[in-house]
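In: What would the 3D arrangement of this be:
(2 chains)
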Amino acid sequence: MKIKVLAFAAFGEILGRQREVELKGDASVRELLETLASIVPGFREAAFEPTGILRDYVLLMVNRKRIDPERDLSRILAEGDELAIFPPLAGG
Amino acid sequence: MIEIAEKEISLDRMIQRARRNEAGAVVSFLGTVRDDGIEGMEVEAFRDAALSELEAIRLEAMSRFSLTAAEVSHRTGSLAVGESIVAIVCSAAHREEAFSGCRYILEQLKSRAPLWKKEISADGGGRWVEGHGR
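Out: Take a look at the predicted model:
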């Protein structure tokens, strides 16, 4: 299945502002992030602690709704879903 | 009205749109690029998500503070020192509601709207401003 990935601020510089990722079968948000970490240089270091835990400044939205990185990484994605990755907000 | 655009913010037009005969107060806030030894700023938005979040914040403020109108405009793109980043205009029957509504929208925008700022230094380097909303 194809998932649209949007990335902003520092994560946009690493991942590109928009890309499509092809995943096999049922895949969770964590598996999508792991796939990105394996194909995009610098993303693993930027997004994950050395222990493999997602860094606390990684914020995520699925289909424009915030998800909780502590609880929702196991959420299964569907064809056409959109994941947005960004650091804490700094508007105004 | 909510705007996120690369074009310069017109506070005058926002004030005109917020005026109401039943409003005795119009309060405006303008956030500008401060010279912290920087050359300018780049502002980035997750535009669709930011527009819907700002509209939700605007409606909350309208109802909480009995505003007669609320306008929010946020810049994106490259800004020089002194340029306007964000403008908020609230009108209400009385000043307390207009001041409170304006402050509410600003504080909520900072913690909820997907927008980011990057400070650009004279040598062309950049540093993303540390944000809120973890």
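In: who's in contact with B:E39?
Out: Shown in contact with B:E39 (Cβ atoms under 8 Å, 6 or more residues apart in numbering or on different chains): B:A80, B:V81, B:I120, B:S121, B:A122. Glycine gets a C-beta too; all of them are placed from N, C-alpha and C.
In: Taking the residues you listed, tell me the two that lie furthest apart.
Out: In those, two members sit farther apart than any others by Cβ to Cβ. They are B:A80 and B:S121, at 13.3 Å.
In: now, which of the contacts of B:E39 lie within strands?
Out: Those of those mapping onto strands are B:A80, B:I120, per DSSP state E.
In: Would you mind listing which of the contacts of B:E39 are buried?
Out: Taking 16 or more other Cβ atoms under 10 Å in any protein chain shown as the criterion, what is buried in these is B:I120.
In: Among the contacts of B:E39, which one lies nearest to chain A?
Out: The closest of these to chain A turns out to be B:I120 (Cβ to the nearest Cβ; 13.7 Å).
In: What sits closest to B:V27 if chain neighbours are left out?
Out: Nearest residue to B:V27 in three dimensions, chain neighbours excluded: B:A98, at 4.0 Å (Cβ to Cβ, 6 or more residues apart in numbering or on different chains).
In: ok, and the one you found, which helix or strand is that part of?
Out: Using DSSP states H and E, B:A98 sits in helix B:95-112.
In: Show the secondary-structure elements that that helix is packed against.
Out: strand B:25-32, helix B:47-64, strand B:67-75, strand B:84-92 (3 or more Cβ pairs under 8 Å, 6 or more residues apart in numbering or on different chains; DSSP states H and E).
In: before we move on, back to that, looking at the contacts of B:E39, which has the smallest pLDDT value?
Out: pLDDT across the contacts of B:E39 is lowest for B:A122, at 91.
In: So which residue is dead centre in chain B?
Out: Residue closest to the average C-alpha location in chain B (Cα atoms, centre = their mean): B:V86, at 3.3 Å.
In: ok, back up a step: can you lay out the contacts of B:E39 as CSV showing distance to chain A?
Out: Output for the contacts of B:E39, formatted as CSV (distance: Cβ to the nearest Cβ, whole Å):
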residue, distance to chain A
B:A80, 18
B:V81, 17
B:I120, 14
B:S121, 16
B:A122, 20
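In: quick one: pLDDT of B:G133?
Out: 63.
In: brain fart, A:E70
Out: 86.
In: Looks to me like it is in a strand.
Out: No. A:E70: not assigned to a strand; according to DSSP: H, G, I helix; E, B strand; the rest coil it is coil.
In: Quick check: it vs A:I53, distance?
Out: Per Cβ to Cβ, to the nearest Å, A:E70 is found 9 Å from A:I53.
In: For A:A9, grab the count of nearby residues.
Out: 24 (other Cβ atoms under 10 Å in any protein chain shown).
In: A:P88 is in contact with that one, correct?
Out: No. When contacts are counted by Cβ atoms under 8 Å, A:A9 is not listed as touching A:P88 (9.1 Å).
In: Reformat the helices and strands packed on helix B:95-112 as TSV; add mean pLDDT.
Out: Below are the helices and strands packed on helix B:95-112 laid out as TSV (pLDDT from 0 to 100):
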stretch	mean pLDDT
strand B:25-32	98
helix B:47-64	97
strand B:67-75	98
strand B:84-92	98
